[in-house]
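Engineer: Got a predicted model here, sequence first, then my questions.
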Amino acid sequence: MSRSAEKPRADIYARITDRIVADLEKGVRPWMQPWRSGNGSGSVTRPLRHNGLPYSGMNMLLLWSEAAARGYASPVWMTFKQALELGGAVRKGETGATVVFASRFKKTETDASGDAVNREIPFLKSYTVFNAEQIDCLPAQERGQSEPSRDPIERIDQADRFFAATGAVIRHGGDRAYYSPATDHIQMPHVFTFRDGGSYIATLSHEATHWTAAGHRANRDLSRYGKDRSARAREELIAELGSCFLCADLGITPELEPRPDHASYLASWLAVLSSDKRFIFAAAAHAQRAVAYLHGLQPQTSSIAEAA
C-alpha cells in the first residue's frame, strides 16, 4: 500500500480523536451527550441502520454525538443511496455524519527465509450517513422514532435479571464499588445507598465491564492496572464506554457525573488520546466485546455484533 493511500486512512483516526479530545478539554464526555440532550432523555438506544440492525462500538459514539449536537430524536441512519432505495430524498444542503468500518487486506511479503508469506493488514474505511430527520418522503416506519420510555421499575427488574444471569459474584457492603481480579468478585455498596435504582445499575454496569477482563472472558490484561497510571486510565475508559453501551441496551441512564473516584481520569484520558490517535477506537472495540460477552451469557438474547 502506498504512503499516499495510508495518509487518508490515518487521518480518520486523527480527525475523530481530535474531535473527542476537544470535547474532553471542555469537560464534556461526548459519550454522555445523548442522555444530556432534551430530545434523548429517557429513550436513548443504540443508533440503528436503515434495516433496523444496531450500530456498535465506535459508531455508537460518533452517531450519538451527532444526534445530540443536531437535536435528532430518530435513532435511524442511512446512506444517500439507501434513502433513495426506500423512496426518500436527503434534503438539499444537509450534511451527513461519518461512520467507520474496519476491514483487512492481504499483502504478500518475503520473510527472512526468502519465502512468500501473506500478511493481513487492518485498515479503516469511512462513509457518510444521514439521520432519518434529514430525509423527506421516508415511509413512517422507516423513521424509527424512539418508543416511549418503559416503566423505570420494569427496566431495573430486567437489569437485575440480566446481571444475575451473568453468574458474576456480586457482594454488597462498604462505600466503594470495584472489581477485584484477585478474588474475581464485584463489590457494590448496598442498593439503598444510591440515589435510585438506575444509579445502582449504571455503577454495576461499569464494574461488570471490568469483570469481563478475565482471561477466560473478554481477556484484557489488567496486570498493570495498579502500577501504571496510563494503564489504569485506559481500562477505566473501556469500562466507562462499556457502561454506556450496556445502559443503552438496558434502558438505564448511566452515571452522568463522574464518580468521585473516577473524576481524576479526565486528564489521563486526554494524555492517552492525545498521544495515541487510535486508542479511542481500541477502547470502543474492547467495550463492545465486553458488552457482547455479557449479552452472550443471557439465556435468550438477540446477538449484538462486535463489528461497527
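Structural biologist: Received the coordinates, thanks.

Engineer: List the buried residues for the lowest-mean-pLDDT helix or strand in the chain?
Structural biologist: The helix or strand of the chain with the poorest confidence is helix 140-143; it has a mean of 73 (mean pLDDT, DSSP states H and E). Neighbour-count burial for helix 140-143, counted by 16 or more other Cβ atoms under 10 Å, picks out 142, 143. Heads up, the C-betas are built off the backbone N, CA and C, glycines and all.

Engineer: Please name every helix or strand in contact with the helix or strand that it is followed by.
Structural biologist: For helix 140-143, the following helix or strand on the C-terminal side (DSSP states H and E) is helix 152-166. When contacts are defined as 3 or more Cβ pairs under 8 Å, 6 or more residues apart in numbering; DSSP states H and E, helix 152-166 packs onto helix 197-211, helix 229-250.

Engineer: Please name whichever of those is nearest to residue 284.
Structural biologist: helix 229-250 (5.8 Å; Cβ to Cβ).

Engineer: and the angle from whichever helix or strand comes after the closest one to helix 229-250?
Structural biologist: The C-terminal neighbour of helix 229-250 among helices and strands, as given by DSSP H and E, is helix 265-275. For helix 265-275 against helix 229-250, the angle by axes from the mean of the first three to the mean of the last three Cα atoms, to 10 degrees is 100 degrees.

Engineer: So for helix 265-275, mean pLDDT?
Structural biologist: Averaged over helix 265-275, pLDDT sits at 93.

Engineer: any idea how this structure splits into domains?
Structural biologist: Domain segmentation of the chain under automatic domain parsing yields 3-143, 152-296.

Engineer: which of these is buried the deepest?
Structural biologist: Among the domains of the chain, the stretch with the highest mean neighbour count (mean count of other Cβ atoms under 10 Å) is domain 152-296, at a mean of 18.

Engineer: end-to-end on it?
Structural biologist: End-to-end distance for domain 152-296, by Cα to Cα, to the nearest Å: 24 Å.

Engineer: Surely residue 106 forms part of a strand?
Structural biologist: Yes: using DSSP: H, G, I helix; E, B strand; the rest coil, the assignment for residue 106 is a strand.

Engineer: Leaving out sequence neighbours, find the closest residue to it.
Structural biologist: The shortest distance from residue 106 to any non-neighbouring residue, by Cβ to Cβ, 6 or more residues apart in numbering, is to residue 118 (5.0 Å).

Engineer: Next one: that neighbour relative to residue 110, how far apart?
Structural biologist: 11 Å (Cβ to Cβ, to the nearest Å).

Engineer: Going by mean pLDDT, which of the domains of the chain comes out lowest?
Structural biologist: domain 3-143 - the lowest mean pLDDT of the domains of the chain, at a mean of 84.

Engineer: can you give me the offset of that domain from its chain's centre?
Structural biologist: 12 Å (Cα atoms, centre = their mean, to the nearest Å).

Engineer: My read is that residue 45 contacts residue 75, right?
Structural biologist: Yes: with contact defined as Cβ atoms under 8 Å, residue 45 counts as touching residue 75 (5.2 Å).

Engineer: show me what contacts residue 283?
Structural biologist: Contact analysis of residue 283 by Cβ atoms under 8 Å, 6 or more residues apart in numbering lists 234, 237, 238, 241.

Engineer: Pull the contacting residues for the second one.
Structural biologist: Right, residue 237. Contact analysis of residue 237 by Cβ under 8 Å, 6+ apart lists 265, 269, 272, 280, 283.

Engineer: quick one: the nearest residue to residue 163 once chain neighbours are set aside from residue 276, how far?
Structural biologist: Nearest non-adjacent residue to residue 163, counting by Cβ to Cβ, 6+ apart: residue 204, 6.0 Å away. Remark: distance between residue 204 and residue 276 (Cβ to Cβ) = 29 Å.

Engineer: Now do the same contact list for the nearest residue to residue 297 once chain neighbours are set aside.
Structural biologist: Sequence neighbours aside, residue 166 is the residue nearest to residue 297 in space, at 4.7 Å (criterion: Cβ to Cβ, 6+ apart). Contacts for residue 166 (Cβ under 8 Å, 6+ apart) come out as 208, 211, 294, 297.
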